[in-house]
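Undergrad: next comes the sequence, and after it the predicted model I'd like to discuss.
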Amino acid sequence: MDQLDLHLFWELLPLKGLGPIQFLSEKTDVQLYDKILGKIIAEEHENLEKRKQDLQDTVKQFSQFFSKEDLKIAIEALEETIGNERDDISTTFWGSGISLEYKADQLVEIFADDRAKLLHFQDIPIFSAEPIHLIGEISKQLNEIPLIKDEEVVFPKHHLFLFSFLSEQVDGQYCEGSKKNRSISWRNSPRTHAVNLADYQPLKLF
């Protein structure tokens, strides 16, 4: 791909995806971009039925220590923890700093860390721009006031989450966060088991 194509590829598109990769794309379609995304360095899978079976096998193996009631309680806890929303979830970690989460092999969330150096929002580099400028421009373009708590900035309507770009202070002010652990994620729908935003405060940038 030439530079223009790479620039278009690495554009963060809230509610839509990453460049040509749209939310709800099939995993096999996304893998066509492996030359840009880099090597797959790890994969994780969450499958409720498999976890149940693993639990049953463990209980059977150590039956002298566990009762049927213990198994029932453990499975109920597992169902509550994972639930239908987290069932059949897989995450692919790429060498470029991008992680892609799928539900039933359809893309539902994109995560990026500072290895994704070409990632940008409307020509503003995500990981090298001044955080206040970046978040301010995102706020303007999306016409949404972000919220902040500790080191997380959230654009709730656009399901966009920035971590460690800004840090909330005790006096209600904020300062630049640590560059070391900076990351960003975005979705086209609300997070499963979303954090209650009642404790988050509007971020006054202007």
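TA: Received the coordinates, thanks. Note that the structure is predicted; figures quoted are calculated from it, not measured. Numbering: from 1, shown residues only.
Undergrad: what's whichever helix or strand residue 175 is part of in contact with?
TA: Secondary structure assignment for residue 175, by DSSP states H and E: strand 174-176. Here strand 174-176 makes contact (C-beta atoms under 8 Å, 6 or more residues apart in numbering) with 130-132, 148, 165-169, 203. (Each C-beta comes from the backbone N, C-alpha and C, glycine too.)
Undergrad: partners of that strand, with directions?
TA: strand 166-168 (antiparallel) (DSSP bridges).
Undergrad: please parse this structure into its domains.
TA: Domain segmentation of the chain under automatic domain parsing yields 3-44+88-202, 48-82.
Undergrad: in CSV: the ones you listed, plus mean pLDDT and mean neighbour count.
TA: Below are these laid out as CSV (pLDDT from 0 to 100; neighbours: other C-beta atoms under 10 Å):
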stretch, mean pLDDT, mean neighbour count
domain 3-44+88-202, 93, 16
domain 48-82, 60, 12
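Undergrad: distance of the nearest residue to residue 13 once chain neighbours are set aside from residue 8?
TA: Excluding the flanking residues, the one nearest residue 13 by C-beta to C-beta, 6 or more residues apart in numbering is residue 19, at 7.2 Å. Using C-beta to C-beta, to the nearest Å, residue 19 is found at 5 Å from residue 8.
Undergrad: equivalent analysis for residue 110, please.
TA: Per C-beta to C-beta, residue 110 is found 16 Å from residue 8.
Undergrad: other residues contacting stretch 22-31?
TA: Here stretch 22-31 has contacts from 15-17, 21, 37, 90, 92, 100, 102, 105-108, 187-188, using C-beta under 8 Å, 6+ apart.
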